[in-house]
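Asker: sequence first, then the predicted structure, then my questions.
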Amino acid sequence: MNHIRPPAVAGSFYPDNVNTLQKMIQELMHQVPQRQNSSTKPKALIVPHAGYIYSGLTAAFGYHQLQQFKQDIKRVILLGPSHRVALYGMAVPSVDYFQTPLGDIQLDTSEINKLVQQGLVDFSDQAHQQEHSLEVQLPFLQQVLDDFTLLPIVVGQSPYQVTSQLLESYINNSEDLVVISTDLSHFLTYQQAQERDQRTANLIENLSLEQLTGHDACGVMPLTGMLQTCKAHDFNITQLDLRNSGDTAGDKQRVVGYGSWAVY
């Protein structure tokens, strides 16, 4: 019997009904201007991971970049922070599939085993069991791409050099896409968040990884690893969208910031 990780946040972070979920993603994608799209396939996306009513539009700005390359991307390397489990290093699951209301996604288990043997990651199903930072990306990927396999990695306290070392194997492979899942500032007022997130955006786009902290981005660990890789290869980072929950479905007293970027 194949081992499956069932969805943990379907029905809360995003709809658990197939038709409702598909329609919601289509409507979010439809709101992204076509002129936003590049004629070049991104090597990586940086996208947020809150409930779709809050950050779904910002995520859609990222996934919109993939539409014309959906047949080219065969594997997604997905990294996000650990919210539920105190984690040192990086964790991969031991299952064969991740499940969402849109169906099952096959994991690249041979590649997962290889990373474990190299000592870059460890197995931890507990780290993945309730983690939303990876899960909320999956319906978008299922909706936008054709067939793909998944390499899901929860990143805990891990030096950016190690994350960057892991990404080296994938960043220049034309059939791979790296996705970094991170939100920005948390629980500031609307104006404070706008100022903080604009500063964070500038740091990201200038590859100033040493100046970023967990107060700037909850996914700072995988994010700085990505930025180190960008630095090593002289990649460019293009901002696609920047807003916060006060712009979407929340009040303006305590907001969470969201941004999406494409790496070229």
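Answerer: Received the coordinates, thanks.

Asker: buried ones in stretch 47-61?
Answerer: Residues of stretch 47-61 classed as buried: 47-52, 54-61 (neighbour count, 16 or more other C-beta atoms under 10 Å). Just so you know, the C-beta spots here come from the backbone N, C-alpha and C atoms, and that holds for glycine as well.

Asker: wait, isn't P15 in contact with T100?
Answerer: No: taking C-beta atoms under 8 Å as the definition, P15 is not a contact partner of T100, at 10.6 Å.

Asker: ok, these two, which is more surrounded?
Answerer: It is T100, of P15 and T100, that has more neighbours when counted by other C-beta atoms under 10 Å, with 24 against 18.

Asker: for the more buried one, what are its contacts?
Answerer: T100 sits next to P7, A10, E135, L138, P139, Q142 when contact means C-beta atoms under 8 Å, 6 or more residues apart in numbering.

Asker: repeat that with 6 Å
Answerer: Applying C-beta atoms under 6 Å, 6 or more residues apart in numbering to T100 gives the contacts P7, L138, P139.

Asker: burial count for the second one?
Answerer: Using other C-beta under 10 Å, the number of residues around L138 comes to 23.

Asker: swap in the last one?
Answerer: By the measure other C-beta under 10 Å, the count of residues near P139 is 26.

Asker: how much space between it and Q99?
Answerer: Distance of P139 to Q99, given as C-beta to C-beta, to the nearest Å: 11 Å.

Asker: please apply the same query to the first one.
Answerer: Between P7 and Q99 the distance is 6 Å, computed by C-beta to C-beta.

Asker: what of the second one?
Answerer: From L138 across to Q99, the span is 9 Å (C-beta to C-beta).

Asker: nearest to M24, of the contacts of T100?
Answerer: Minimum distance to M24 across these is 8.8 Å, recorded for P139 (C-beta to C-beta).

Asker: list the contacts for that closest one?
Answerer: Here P139 is in contact with L21, T100, L102 (criterion: C-beta under 6 Å, 6+ apart).

Asker: so where do the helices sit in the stretch 51-200 of the chain?
Answerer: When assigned using DSSP state H, counting those that start in this stretch, the helices of the stretch 51-200 of the chain occupy the ranges 52-63, 109-117, 125-129, 132-135, 138-144, 160-167, 190-205.

Asker: what's in contact with the helix or strand just after the last one?
Answerer: It stands for helix 190-205. Remark: after helix 190-205, the chain's next helix or strand is helix 220-233, criterion DSSP states H and E. Residues external to helix 220-233 that are found in contact with it (C-beta under 6 Å, 6+ apart): 79, 155, 158, 160, 163-164, 167, 171, 180, 182, 207, 209, 212, 214, 217.

Asker: show the pLDDT at the nearest residue to V95 once chain neighbours are set aside.
Answerer: Of all residues beyond its chain neighbours, the one nearest V95 is H3 (4.1 Å), with distances taken as C-beta to C-beta, 6 or more residues apart in numbering. Among the per-residue scores, H3 shows a pLDDT of 94.

Asker: quick check: H3 touching F98?
Answerer: No: with contact defined as C-beta atoms under 6 Å, H3 does not count as touching F98 (10.5 Å).

Asker: which one's more surrounded, these two?
Answerer: Higher neighbour count among H3 and F98: F98, with 21 against 12, using other C-beta under 10 Å.

Asker: who does that one form a beta bridge with?
Answerer: R5, I105 (DSSP bridges).

Asker: burial of G250, as a residue count?
Answerer: By the criterion of other C-beta under 10 Å, G250 has 17 neighbours.
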